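J.: No letters, just coordinates:
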């Protein structure tokens with residue numbers, strides 16, 4: 001990527017052309033069509049139908065399971081990161097208040113509330129997604145909040161139901 005380091009380079013036609021090529025290549029990347037997200041097919045009760053999902057996307061069931069596990073892992077770590085960042089921001093803000101440093105008073109408190117709200121909502125969103133994948137069932141946010149199960153997101157897949165079948 002061409003970057004002008006000195007003022008005389010800004011008027012250099014080669015640097016301008018290189019910059020234009022860089023912008024054009026970046027624009028091409030931005031305009032590329034993203035791969036379609038995998039749609040999960042569910043049964044009437046809301047349980048994941050891995051076989052139907054695999055047939056819809058023309059892939060093996062193991063690939064659907066692998067993608068679900070990858071989403072479980074990603075949502076688990078994203079939720080943990082958002083929660084840790086929110087707690088870090090809160091502890092840092094409290095530390096600055098205790099140490100007596102001026103933070104702008106009401107403005108810093110309002111900004112902190114905004115940041116904490118966004119991070120808490122993202123934590124809830126990813127924890128909910130993680131919970132759905134762990135249960136292999138689409139559940140509403142209300143069901144997630146009212147469940148007795150642990151809400152803390154995990155990064156490990158649950159055991160296969162085939163190995164737990166009764167003899």
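T.: Yep, that arrived. If you're wondering where the values come from, they're calculated on a predicted model, not measured in any experiment.
J.: Helix or strand: which one has residue 107?
T.: Per DSSP states H and E, residue 107 falls inside helix 106-135.
J.: Please identify the buried residues of that helix?
T.: 112, 116, 119, 122-124, 126-135 (16 or more other C-beta atoms under 10 Å). Glycine gets a C-beta too; all of them are placed from N, C-alpha and C.
J.: Equivalent analysis for stretch 71-88, please.
T.: 71, 72, 73, 75, 76, 78, 79, 80, 82, 83, 86.
J.: do the same with stretch 28-38
T.: residue 38.
J.: what does it contact?
T.: 53, 57, 64, 67 (C-beta atoms under 8 Å, 6 or more residues apart in numbering).
J.: between those, which is closest to residue 13?
T.: Each of the contacts of stretch 28-38 was checked against residue 13 using C-beta to C-beta; the closest is residue 67, at 48.4 Å.
J.: nearest spatial neighbour of that closest one, skipping sequence neighbours?
T.: Leaving out its chain neighbours, the residue that sits closest to residue 67 by C-beta to C-beta, 6 or more residues apart in numbering is residue 38, at 5.7 Å.
J.: Next, find the distance separating that neighbour from residue 32.
T.: 19 Å (C-beta to C-beta, to the nearest Å).
J.: same thing with residue 126?
T.: Here the criterion is C-beta to C-beta. By it, residue 126 lies 26 Å from residue 32.
J.: next helix or strand past the helix or strand of the chain with the lowest mean pLDDT?
T.: Sorting the helices and strands of the chain by mean pLDDT, DSSP states H and E puts helix 7-10 at the bottom, at a mean of 60. Toward the C-terminal end, the helix or strand that comes next after helix 7-10 (DSSP H and E) is helix 13-31.
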